[in-house]
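Peer 1: model this:
(2 chains)
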Amino acid sequence: MNGYSSDEMMTIAAARALEDRTVCFVGIGLPSTAANLARRMHAPDAVLIYESGCIGSKPTRLPASIGDGVLSDGADAVVSVPEIFAYWLQAGRIDVGFLGAAQLDRFANINTTVIGDYEHPTVRLPGAGGAPEIAANCGEVIITLRHSRRAFVEKLDFVTSVGHGHGAGHREALGLRGRGPSIVITDLGELRPDPVTKELTLVSVHPGVTVDQVREATGWTLKVATDVATSAAPTERELQQLRTLEAA
Amino acid sequence: MSELLALGDAVARHVRDGDIVALEGFTHLIPFAAGHEIIRQERRDLTLVRMTPDVIYDQMIGAGCARKLIFSWGGNPGVGSLHRMRDAMENQWPRPLELEEHSHAGMAARWQAGASGLPFGVLRGYVGTSLVDHTKTISTVTCPFTGEELTAVPALRPDVGIIHAQQADRRGNVMLWGITGVQKECVLASRRAIVTVEEVVESFEPRVNGVVLPAWVVDAVCVVPGGAHPSYASGYTERDNEHYAAWDAVSRDRETFGDWLTALRADVAVGKGGLT
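Peer 2: You can find the predicted model right below:
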């Protein structure tokens, strides 16, 4: 096996998490790269939906923005922004939401709004975009981000999108219709919510990564599965497809 | 009824200090040239409305046009931060910027309500998020039929809505296609509407996802080829991704931004090519 970067491992692991024939609402950036890699590998019939109103996008290269022409050219349908959010997302027609995050907590709640105080921010981030309602209304949510203490925090500065709230039963209490985050994929490994408590639990590490390394990069006392698996290393084909995609 | 005007005249006539102004376009068809004209005419105290404050609002905020921003995602798509917007939010430069922050689904509902002549829009949204604690224009309403509590957001009713479209015809009707975002809603929700277009044609051809806005809902049509640059107009221009990337360095500090602003104000023919 050739060398590969931890970012490549993360993107490939995220791509593997997307099953074929699922209808997926895709955020721009890493989620979009992973979803498009999945479509070129094991999920040719995944339906990619972008919040600019593109349904069934088949981009020939990675989109530079959410409204890139490669998303609308050849799409199954292009609809207005109110329609994509109301008729498609809110009505519960999307299986999977694929999101990134700046900060994440132990219940997979997401902050993409602000670091520090809202009125006097240390770092102002872009804000919500489509994420709050993607996280609320998709059947399930896949989250992907780089693992660090800055990102995996004890307490979010701002809850932009609700994952599992305060834990088991909170989504139901809030009336959120989707099941919430089912997996978090990072450059170090994969976490899944505990089936009972909904607290994120380390279930696998990428090749060469130790459980202690993941603990060290997590800002709370990380829950670890009793039998932590090791992710399969990227195959030649996965790496080649990803590199072709990123070079185009 | 739409009137064919030079862009400078349309802005002078329809955009006033203190107005609520929306320049819409979801990555595609962003009315950059119109925004530049507003900067050049030194409009002040505007409430700027836009789902995705892009480079155009970074420029308008940095130039001091805005006192308030109503938005749902503020970044340089595919590049990173909007540095002028962040400077206003973090350091109140060049002036404080009041925020009214929403999600895309909420803004879309607000636009639909505005276009429909309703006082508010309804959605399943925001529940459990911190946006509810910081944004006064997020509330709830109880469904009179089921008793279910839903989120309510007030209609957007700007004084002026501005969009860029591919074509107008000789009677002043407007047509746009491709990714059409919330532009139809923006025009219908606004008290006055300005549309810049790539060209005027004899008559329209049918297009996939074509949106036609009749002349009688538009106030001014301005022919501005390339008026969306560095955004794009499908069928006419390509998105100038390098320009978006280059804006990062220009906007990063106040001095280089100031040089850009001086150049913009000096160049009345700005809008195509160059870092404008």
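
Peer 1: any idea how far the residue lying closest to residue B:8 once chain neighbours are set aside lies from residue A:29?
Peer 2: Nearest non-adjacent residue to residue B:8, counting by C-beta to C-beta, 6 or more residues apart in numbering or on different chains: residue B:37, 6.0 Å away. Just so you know, the C-beta spots here come from the backbone N, C-alpha and C atoms, and that holds for glycine as well. Counting by C-beta to C-beta, to the nearest Å, the separation of residue B:37 from residue A:29 is 32 Å.

Peer 1: do residue B:121 as well
Peer 2: 28 Å.

Peer 1: of these two, who's got more company?
Peer 2: The residue with more neighbours, out of residue B:121 and residue A:29, is residue B:121; 26 against 17, by other C-beta atoms under 10 Å in any protein chain shown.

Peer 1: what comes up buried for stretch B:118-137?
Peer 2: Across stretch B:118-137, burial judged by 16 or more other C-beta atoms under 10 Å in any protein chain shown covers B:120-132, B:134-135.

Peer 1: let's see which of these end up in strands.
Peer 2: Residues of the buried residues of stretch B:118-137 located in strands (DSSP state E): B:120-123.

Peer 1: for residue A:48, give me its contacts.
Peer 2: A:24, A:26, A:35-36, A:39, A:54, A:56-59 (C-beta atoms under 8 Å, 6 or more residues apart in numbering or on different chains).

Peer 1: restrict those residues to contacts with chain B.
Peer 2: residue A:54 (C-beta under 8 Å from any C-beta of the partner chain).

Peer 1: now tabulate the ones in strands among the buried residues of stretch B:118-137 in TSV and tack on pLDDT.
Peer 2: Listed next are those as TSV, based on pLDDT from 0 to 100:
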residue	pLDDT
B:120	98
B:121	98
B:122	98
B:123	98
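
Peer 1: and which of those is nearest to chain A?
Peer 2: Nearest to chain A, judged by C-beta to the nearest C-beta, of those is residue B:123 at 6.4 Å.

Peer 1: count the residues that sit near the residue in chain A that chain B sits nearest to.
Peer 2: Residue nearest to chain B within chain A: residue A:67 (2.4 Å; C-beta to the nearest C-beta). Counted with other C-beta under 10 Å, the neighbours of residue A:67 add up to 31.

Peer 1: that one belongs to a strand?
Peer 2: No: using DSSP: H, G, I helix; E, B strand; the rest coil, the assignment for residue A:67 is coil, not a strand.

Peer 1: where are the low-confidence patches of chain B?
Peer 2: Along chain B, segments meeting pLDDT under 70 span B:268-276.

Peer 1: how's it carved up into domains?
Peer 2: B:3-102+B:157-258, B:104-154 (automatic domain parsing).

Peer 1: hmm, back to that, now the ones in strands among the buried residues of stretch B:118-137 in JSON lines, with distance to chain A?
Peer 2: Output for those, formatted as JSON lines (distance: C-beta to the nearest C-beta, whole Å):
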{"residue": "B:120", "distance to chain A": "14"}
{"residue": "B:121", "distance to chain A": "9"}
{"residue": "B:122", "distance to chain A": "10"}
{"residue": "B:123", "distance to chain A": "6"}
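
Peer 1: sorry, back to before: looking at the domains of chain B, spot the one closest to residue A:9.
Peer 2: Set against residue A:9 and scored by C-beta to C-beta, the domains of chain B come closest in domain B:3-102+B:157-258, at 22.8 Å.

Peer 1: look at the residue sitting nearest the centre point of chain A and report its pLDDT.
Peer 2: In chain A, the centroid-proximal residue (C-alpha atoms, centre = their mean) is residue A:143; its distance is 2.5 Å. Note for residue A:143: predicted pLDDT of 98.

Peer 1: what bridges to it?
Peer 2: Taking DSSP bridges, one obtains residue A:99, residue A:184 as the residues bridged to residue A:143.

Peer 1: distance check, it against residue A:100.
Peer 2: Residue A:143 is 7 Å from residue A:100, by C-beta to C-beta.

Peer 1: kindly report the same for residue B:193.
Peer 2: According to C-beta to C-beta, residue B:193 and residue A:100 sit 35 Å apart.
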